[in-house]
Structures are given as structure tokens and as C-alpha cells.
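K.L.:
Below: sequence and its predicted model.
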Amino acid sequence: MTAHAPAASRRRGLRWLLVAAIAVVLLGARAQSAGAAPPTLTASENPVLIAAPATTKQITLKYDLGGSLDVAMLTVEEVGGPMLINTPVLPPSGSQPLTVTYGKSYQAQLVNLFDKSVVATLLITTARPDAPNPGGDSPCRGLDHLGWKVVPHGTYAEVPVTIYAPAMFTVTASTDKPDAMGNFAHIDSSAITFFPTTSWTGMLANLEPDTTYYVVVTAKDASGPKCGSYAMEQGSFKTLTRRVDVTFEKVLVTDNSDFSASCECTFFFKAGNEPTKSFGEVGVFDGGEVYPNAKVTVNNAPDTVTLRVSGFDDDENCGGILPPCSCGLPSDVVSDSGSGKCFDWSSASTSLDVAVAGPGEAFDGTFKIIANAGPLDYTVFGSFKVSFV
């Protein structure tokens, strides 16, 4: 089935979907049974040889659920392209037509609907029939159209590549555009193979989040010195944006600056340049705890995120023996600590280093901020989560 299947094929697909749904309701999707033969997925031809001038060819995918599944999902995705087939299949076995195009590769899979695990996979490639080598030696297989795509993360990117003939691959990336021959003025990251292969995933490391990169993928035939075929393709991608979710969870007051009475405390919390969160007024004795659980999200976060806190004890009677007064508290964090006729306050800050590169770039952590430079002493406890979106 192709992306341009006729109406009759679409109706058959809908009937299969209905049958599969009924099967799941009546039988229930189940995991693979112990000891049962594993499901298999094969193609009538692979690699698919397409003789010029033709550019497409229909093959048959054959599946066998091995007696261990009540229903599975058959998917076929063009490598670096769209999903072509996504249809349920029933036991014990069956087939599905697939039209392939020269120069492209296809990833076929059987997926267990019970736990969404992949139980069988098949990479289908295309090629021209081998041509004789004019030198009279064994035929040069040559290079066909590269199948590749970029899977971007925040500080790195994965580039899976497939090709028919064994080849040496190189992937390079830069913030500069390459010239027509694939050369960069400077290279930010690169990856190479160390032995000939037809399938490989390159890792582009040390990238910057939220940045557009240009990429060049090359393959050189490893069949021998008289072949020497070369393929090169270009593209671009953008890395994901770093996001830091900060939660100011708890405040432990160690000295409320009011001797034997409880303070009338208000706390302010700030992460990066995001809007400030406030909590209070609350009454807290020495050794008491309050739980603001103030949440701040820093989008497009830099490598370091600064956290700032300020706490104020509102002394409403202006010193205890004076008539009541109202000076008003600040409405944001401040950079200092001190005591005045209307309130005592303390401020403090800390920095979160969130610049972790590579597969461990997304992580969770905790922090503690101790504010003890003024009459009001307290400690803020919290957590943060680094992700890329």
C-alpha cells in the first residue's frame, strides 16, 4: 500500500482495522507467549533491484506472528520520509504489497499492541542491478541514493544513514552553509565510520541548543580502488531548546527576628529573568517550616540559571512601642539584607549549572539556598528538572 493507494485499498484497510479492533476486544492483545516462535517479517526481494529507466517497483511484505500474538501493527516508514503503512495484522500470517522507489530505503516493523514493543524489523533498500566493471574485474556495486535523517536533541544529534553498497560514511555539521561541493568554512561537529558498512548512526556532539546547523552526509564506496564511487547530500536541522522547571518547595525559618513571637513573613522567589513568585504573608516561629511550592519555568534557558530569594518579616508596630504604621513591603526580590523600622529582611542566591552535553543532557537535581545575612534567617529547599523541547 502506498501513500496514493486507490479507494478500494483504503476500504480494505478500514475493514482490517475493524477486524483488528474486534479481535482486541474479544481476545485481548497479549504479550509474546514463552516458547512460541518469534514473529518474522520478510520481503519478496531485498535489496530491491530496479532496472533503469524504471524508478519504482512493487514487492510483497510477508509477516508471520509466530502463534504468539493475537494482533500486531505493521508499519513501514520511508527512511527520512513519511509513514507509508500503518495497519493492524492478524495471525497466523499474511502479506502486504509495498511500492518502493529507487534511491530510497524503508524501515518495516511489527509492533506488539500489548506493550508497543517492536517484535520484528526489516530494513529494505533499493539499487540498480550491478554493472560490469570496464576494467574486467569483479563488478563494482557502486553507491545508491543515501537514506538518512537527523534526529536532533539539545546538545547533540543522531544521524542514521543507510545505503546499498558497503561504504565509509562521514557526517559534518556547521552553523555556516556549505558550498556546492559540501565544504564548510568551519566545522562545529563531525562523525566518521572506521570500517565499511551499509547502516550506521553518526553522533554529532558538542552542539548548542536552539541553533540551526547545516549538515553534509557523504559516502565513499569501499569495493576497491577501481570503484571509488562517491555520494554526498546536504540538509539542515535545528537543535531543541533547553527548558528548566524550578520548584521552590520548602522554607525552613531558623530565626524569625521576632524573638518569642511568630513572624509575619513574605517570601519572594525568582529564577533567571522569569516573573517573580511570592508566598505569604504567613506566621512562622523559629524552627518552623512553610511549603510555598512555587514553580517557575525558564524557557530557552542559558547554561547557568540564577535563583534568587528574599524574605521579609513585617513589623507592623514600627519597633514594638511605637504607634502602628504601614510602610509597605517590596514587591520583588532584592539584592541586600537588613533591618528597618517596618521590616527585617534577608536575601540570598545560588546558580544552577544546567550545561550538560550529550545523552545525559536532560536530568533532575535539587538545590538549597541559605539566607542568613540579616535578622531573618531561613533556608530554601527546592528541585529542578532540565529537559529539551
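P.N.:
Good, I have the coordinates.
K.L.:
Next one: the residue positioned nearest the centre of the chain from Phe268, what distance?
P.N.:
If you average the C-alpha coordinates of the chain and look for the closest C-alpha using C-alpha atoms, centre = their mean, you land on His153, 5.3 Å from that point. Distance check for His153 against Phe268: by C-beta to C-beta, to the nearest Å, it reads 35 Å. (Each C-beta comes from the backbone N, C-alpha and C, glycine too.)
K.L.:
ok, back up a step: wait, the residue nearest to the centre of the chain touches Phe388, no?
P.N.:
Yes - using C-beta atoms under 8 Å as the test, His153 is close enough to Phe388 to be in contact (6.1 Å).
K.L.:
Overlap of the contact sets of these two?
P.N.:
With contacts taken as C-beta atoms under 8 Å, 6 or more residues apart in numbering, the residues that reach both His153 and Phe388 are Leu240, Glu361.
K.L.:
Next up, the contacts around the residue nearest to the centre of the chain.
P.N.:
Neighbour list for His153: Thr239, Leu240, Pro359, Glu361, Phe388 [criterion: C-beta under 8 Å, 6+ apart].
K.L.:
Just the buried subset of the residues you listed, please.
P.N.:
Buried subset of these (neighbour count, 16 or more other C-beta atoms under 10 Å): Thr239, Leu240, Glu361, Phe388.
K.L.:
Check what pLDDT the closest residue to the second one other than its chain neighbours gets.
P.N.:
If I follow you right, that is Leu240. The shortest distance from Leu240 to any residue other than its chain neighbours is 3.8 Å, reached at Phe388 (C-beta to C-beta, 6 or more residues apart in numbering). At Phe388, the pLDDT value in this model is 97.
K.L.:
before we move on, which element is Ala219 in?
P.N.:
With the criterion set as DSSP states H and E, the secondary-structure element containing Ala219 is strand 212-221.
K.L.:
could I get that strand in PDB with only the CA atoms?
P.N.:
Only the C-alpha atoms of strand 212-221 are listed here, as PDB (Å, rounded to 0.1, in the frame of the first residue of the first chain):
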ATOM      1  CA  THR A 212      20.300  25.900  13.200                       C
ATOM      2  CA  TYR A 213      23.000  23.700  11.700                       C
ATOM      3  CA  TYR A 214      23.800  22.700   8.200                       C
ATOM      4  CA  VAL A 215      24.800  19.100   7.600                       C
ATOM      5  CA  VAL A 216      26.700  17.200   4.900                       C
ATOM      6  CA  VAL A 217      26.500  13.400   4.600                       C
ATOM      7  CA  THR A 218      29.000  11.700   2.400                       C
ATOM      8  CA  ALA A 219      29.600   8.000   1.500                       C
ATOM      9  CA  LYS A 220      32.600   6.600  -0.300                       C
ATOM     10  CA  ASP A 221      32.400   3.100  -1.900                       C
END
